[in-house]
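>>> Sequence first, then the predicted structure, then my questions.
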Amino acid sequence: MSIDVLQNRIRKLKCPIVVGLDPTRELIPPELLAECVSRLGPGPEALAESYGRFCRGLLEALRKTVPAVKLQSACFEALGWQGVKIMQELLAYAKKLGYYVLLETMRADVGHIAALSAQSAFGGLDFGGERVFPYPCDALVLNGYLGSDGIKPYLPYVKENGKNLFVVVKSSNKSSSEVQDLLSGDRVIHTAMADLTLRWSTELFGSCGYGEVGAVVGLSSPAAVQALRKRYDSLFFLVPGYGAQGGVAKHASYAFDRLGHGAAVCASRSILGAWREQAGTDYPAAALAAVEKMKKQLESYVTVL
């Protein structure tokens, strides 16, 4: 089961960190971008190429330290087909390097559209007897607030192909409380979503004890992280919001069980943009140093056994 792959990689590296590959123009070293522009001319192709080179450098630098990476599709789709092409190449390259690979699309839709998305990411497409996987990944991050028909088409791939889903339960954006903290009967909306996520995990559990359908639980509300972990001890938590969004190690520790299992903490801008805080533009080395710093901060509160 795939959730065991993620948990075991975290245990092997003693590093419960997921690096988000969310490139933007501002995060690309100027010299790298200028080199791509001089060769390809100004436009989306040059920017996409700079994203690819930047992220490949990070993947190579972090491969022995970080167990998993998460690509944000919106960052690449914003550049049109050139960006999507680079994203597809990076997904395949991350898999080749041995990372557990997540793709964050936040998509969930009516059943037949969700089925198309599930097939393209998990099932592959058949072209003349050759099966092609446009978006090779181990897991998808989805928004489940459209309801079950947007999630259920993915579940056969979870059960039969060893894939994972991470469903947004409590997001890290500041305005999440406008909807996710509203009362629904005797519970708040985000616990209703957690209940659904647990239901979708029925009979889909790894040997590590956690469901193959996990929950996204952001650090913007530490009390919610703590309460959700106490109530849902079999949900694996993907925890965004560390670093640039203000999340800290103490609050991230609330997502883990007593063995330091059951969660992975996401950071993006604080890792990708670490080169801006140092002299020079050795961005892979700067990113590695930022990961090591984050790992040390987490180790003050979490021991992965």
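Yes, it's here.
>>> close enough to count as contact, residue 207 and residue 4?
Yes. Under the criterion of CB atoms under 8 Å, residue 207 makes contact with residue 4 at 5.5 Å. The way it works is simple: take the backbone N, C-alpha and C, and place the C-beta from them, glycine included.
>>> Any stretches of the protein with poor pLDDT?
Within the chain, the stretches with pLDDT under 70 are 1, 108, 111, 279-280.
>>> name the element residue 71 belongs to?
strand 68-72 (DSSP states H and E).
>>> Can you show me the CA trace of that strand as PDB?
As requested, the backbone C-alpha atoms of strand 68-72 are provided in PDB (Å, rounded to 0.1, in the frame of the first residue of the first chain):
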ATOM      1  CA  ALA A  68       8.400  13.300  -0.700                       C
ATOM      2  CA  VAL A  69       7.700  16.300  -2.900                       C
ATOM      3  CA  LYS A  70       4.400  17.900  -3.900                       C
ATOM      4  CA  LEU A  71       3.900  19.700  -7.200                       C
ATOM      5  CA  GLN A  72       1.300  22.500  -7.300                       C
END
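>>> Going by neighbour count, list what's buried in it.
Neighbour counts using 16 or more other CB atoms under 10 Å place 68, 69, 70, 71, 72 of strand 68-72 among the buried residues.
>>> Verify the stated contact: the first one with residue 6.
Yes. Under the criterion of CB under 8 Å, residue 68 is in contact with residue 6, at a separation of 6.2 Å.
>>> What segments of this structure are helices?
Ranges of helices in the chain, per DSSP state H, are 2-13, 30-40, 44-62, 73-77, 81-96, 111-118, 155-161, 177-180, 189-200, 222-231, 249-252, 269-272, 283-299.
>>> Out of the ones you listed, flag the one nearest residue 21.
Of all the helices of the chain, helix 44-62 sits nearest to residue 21, with 5.0 Å by CB to CB.
>>> Mind giving me the packing neighbours of that closest one?
The contact analysis (3 or more CB pairs under 8 Å, 6 or more residues apart in numbering; DSSP states H and E) places helix 44-62 against strand 17-21, helix 30-40, helix 73-77, helix 81-96, helix 269-272, helix 283-299.
>>> hmm, who's touching the third one?
It refers to helix 73-77. 21-24, 48, 51, 83-84, 86-87, 103-106 (CB atoms under 8 Å, 6 or more residues apart in numbering).
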